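In: Got a predicted model here, sequence first, then my questions.
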Amino acid sequence: MTSPIIAELERKQMRADHYHIKPGDKVSVHTRIIEGDKQRIQIFTGDVIAIKNGRANNRTTITVRKFSSGFGVERIFPLHSPLIEKVELVNRGIVNRGKLYYQRDRRGNAAKIKVKTSW
Amino acid sequence: MTAGLIGKKVGMTQIFSEDGVSIPVTVIEAGPCFIIQKKSMDKDGYSAVQLGFEKKEKNVLKPEAGHFKAAGKGIYRRLKEFRVSDADLGALNLGDELKADLFKVGEKVKITGFTKGRGFTGVVKRWNFSGGCDAHGSKFHRKGGSVGQNVHPGKIWKGKHMAGRYGNEQVTVKNLEVVKIYPEKNLILVKGAVPGAAGGVVYIKRSK
């Protein structure tokens, strides 16, 4: 059981802008990259194939998968990190699972997630 | 200034620093503590303050109530002395309240607590013996093995590592960094782990 004190600390650290992300969504994650004294934004666009570590705390991570020059690439983002500028929802997908690890065995058209037309 | 506080371990979590690094922290509910007794150089031979933490209302014995009378701040369950320098003792009065803001962010502290009691444990867990194979015909699994020689020394040395009670011993972790303080809630967040179970009493001192 999480103590109410810790639950409150974690709630305070949580960002309110990402609660709507779901597995199967196509998202663009804008990450702030600090190089010396310069800053730039890096964008990673792909499908959310897993959300881990629970949603009611500040430890939530999302696993985003995309194909980059023919290779499957996955990145795990801490959803509540201050280095995440924003997570843009590109479109929602139709999926039947919370964890889409079957995507790792698929290539080409088979790896496409059906897009929800209205949400 | 006194160099310590009595607190209660709440548990662990993680917080993000401004540059996005997630820091593992232990949350400690530290204070409010009250000065119950002062020990002075002339009277006791050393200078210290006795702090009280966690109010006690039921089952108070008369002699116990008498001990807390001079401070006039009620009766407390936990008492602990913290040494202070003779010069600092004059600035502190009976009944003074010490809170989490005694410490500053970035300061190093040492924290004393009692580790989780593990009961009667074998040598593998208690002393990190390697034990033997589990399979391949091995009959030597998690035993301690030989405990000494024959005629000379003809006895088992004192302190020989053997199975027995493990845990529930006082441990101090030094140089833990204070990451954040919430004075209004008396919470101190220190980087890293602290001995004991959640809810256990810990003593926080400033690292020298």
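Out: In hand now; what should we look at? Residues are numbered from 1 along each chain as shown, chains lettered A, B, ... in the order given.
In: Sketch out the low-pLDDT regions of the chain for me.
Out: I went with chain A, as the question did not name one. For chain A, the stretches flagged by pLDDT under 70 are A:1, A:119.
In: my bad, the chain I had in mind was chain B
Out: For chain B, the ranges with pLDDT under 70 are B:1-2.
In: what about the one residue in chain A that gets nearest to chain B, neighbour count?
Out: Taking C-beta to the nearest C-beta, chain B has its nearest neighbour within chain A at residue A:83, 3.5 Å off. For the C-beta atoms, the positions are set from N, CA and C on the backbone; glycine is no exception. Using other C-beta atoms under 10 Å in any protein chain shown, the number of residues around residue A:83 comes to 16.
In: And the closest residue in space to it that isn't next to it in sequence, how far from residue B:196?
Out: Closest residue to residue A:83 apart from its sequence neighbours, by C-beta to C-beta, 6 or more residues apart in numbering or on different chains: residue B:20 at 3.5 Å. For residue B:20, the distance to residue B:196 equals 31 Å [C-beta to C-beta, to the nearest Å].
In: hmm, back to that, hmm, the residue of chain A closest to chain B is touching residue B:22, no?
Out: No - contact between residue A:83 and residue B:22 fails when scored by C-beta atoms under 8 Å: they sit 10.3 Å apart.
In: What is the neighbour count of residue B:133?
Out: Around residue B:133 there are 10 residues (other C-beta under 10 Å).
In: Might you report the residue contacts of it?
Out: Counting by C-beta atoms under 8 Å, 6 or more residues apart in numbering or on different chains, residue B:133 touches B:140, B:141.
In: can you give me phi and psi for it?
Out: Phi and psi for residue B:133, reported as degrees, to the nearest 10, are phi -70, psi 150.
In: list the buried ones in the helix or strand residue B:87 falls within?
Out: Residue B:87 belongs to helix B:86-89 when assigned by DSSP states H and E. Of all the residues in helix B:86-89, those buried under the rule 16 or more other C-beta atoms under 10 Å in any protein chain shown are residue B:89.
In: Now find how far off-centre that helix is within its chain.
Out: 25 Å (C-alpha atoms, centre = their mean, to the nearest Å).
In: Surely residue A:57 is in contact with residue A:10?
Out: Yes - counting by C-beta under 8 Å, residue A:57 does reach residue A:10; the two are 4.4 Å apart.
In: any idea whether residue B:126 is helix, strand or coil?
Out: Put simply, residue B:126 is helix when judged by DSSP: H, G, I helix; E, B strand; the rest coil.
In: For it, which non-adjacent residue is spatially closest?
Out: residue B:166 (4.4 Å).
In: hey, what's that neighbour bridged with?
Out: Going by DSSP bridges, residue B:166 is paired in beta bridges with residue B:119.
In: what's the distance between residue B:193 and residue B:42?
Out: Residue B:193 is 42 Å from residue B:42, by C-beta to C-beta.
In: ranges for the helices of the chain?
Out: Went with chain A since none was named. A:4-13 (DSSP state H).
In: that's the other chain; I wanted chain B
Out: With helices called from DSSP H, chain B shows them at B:41-44, B:62-69, B:86-89, B:123-127.
In: Looking at the ones you listed, which one is packed in the most?
Out: Scoring the helices of chain B by mean neighbour count under mean count of other C-beta atoms under 10 Å in any protein chain shown gives helix B:123-127 as the most buried, with a mean of 16.
In: measure residue B:100 to residue B:198 for me?
Out: In terms of C-beta to C-beta, residue B:100 sits 18 Å off from residue B:198.
In: between these two, who's got more neighbours?
Out: Using other C-beta under 10 Å as the criterion, residue B:100 and residue B:198 rank with residue B:100 on top: 24 against 17.
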